[in-house]
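Chemist: Here you go, sequence then predicted model.
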Amino acid sequence: MSSEIPQFTVNIICPKCSALGVVVWEKDGAQRALVSLSKGFYERLSRKVPYPIELVCHECGTAQAEDDGL
Ligand SMILES: [Zn+2]
């Protein structure tokens with residue numbers, strides 16, 4: 001049985017140092033979950049609602065603007 005939850009891939013770029021990455025999300029209604037994240041970025045808990053996590057550049061520590069790509 002395959003998953004009923006659609007996955008989608010988003011290309012991300014660090015707003016500060018222009019590092020490139022790819023993130024894969026599962027989207028289930030209004031919820032989304034991180035499936036995979038390319039090297040060069042990591043996830044951490046976000047202080048900004050409504051998103052529980054934010055994606056941060058390893059090089060310079062800058063977080064992505066989470067409303068991009070959706
Ligand atoms: Zn960066």
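Modeler: Thanks, I have the structure now.

Chemist: and for stretch 28-45, what are the contacting residues?
Modeler: 5, 7, 12, 14, 19-26, 52-59, 63-64, 70 (CB atoms under 8 Å, 6 or more residues apart in numbering). Every C-beta, even on glycine, is put in place using the N, C-alpha and C of the backbone.

Chemist: Quick one: end-to-end length of that stretch, please.
Modeler: 20 Å (CA to CA, to the nearest Å).

Chemist: what pairs with Leu37 across the strands?
Modeler: Judged by DSSP bridges, the bridge partners of Leu37 are Val23.

Chemist: now do Cys57
Modeler: Phe41.

Chemist: any idea how far Glu43 is from it?
Modeler: 12 Å (CB to CB, to the nearest Å).

Chemist: For these two, indicate the residue with more neighbours.
Modeler: Higher neighbour count among Cys57 and Glu43: Cys57, with 21 against 15, using other CB atoms under 10 Å.

Chemist: Return the residues in contact with the more buried one.
Modeler: 14, 16-17, 19, 21, 40-41, 63-64.

Chemist: Of the residues you listed, which are in range of the ion?
Modeler: The residues of the contacts of Cys57 that also fall near the ion, by CB under 5 Å from the ion, are 14, 16-17, 19.

Chemist: Select only the buried ones of the residues you listed in ChimeraX?
Modeler: In ChimeraX, a selection of the buried entries from the ones next to the ion among the contacts of Cys57 looks like this (16 or more other CB atoms under 10 Å):
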select :14,19
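
Chemist: export the ones next to the ion among the contacts of Cys57 to a markdown table and tack on pLDDT and secondary structure?
Modeler: Shown next, in a markdown table, are the ones next to the ion among the contacts of Cys57 (pLDDT from 0 to 100; DSSP: H, G, I helix; E, B strand; the rest coil):
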| residue | pLDDT | secondary structure |
| --- | --- | --- |
| Cys14 | 95 | coil |
| Lys16 | 95 | coil |
| Cys17 | 97 | coil |
| Ala19 | 97 | coil |
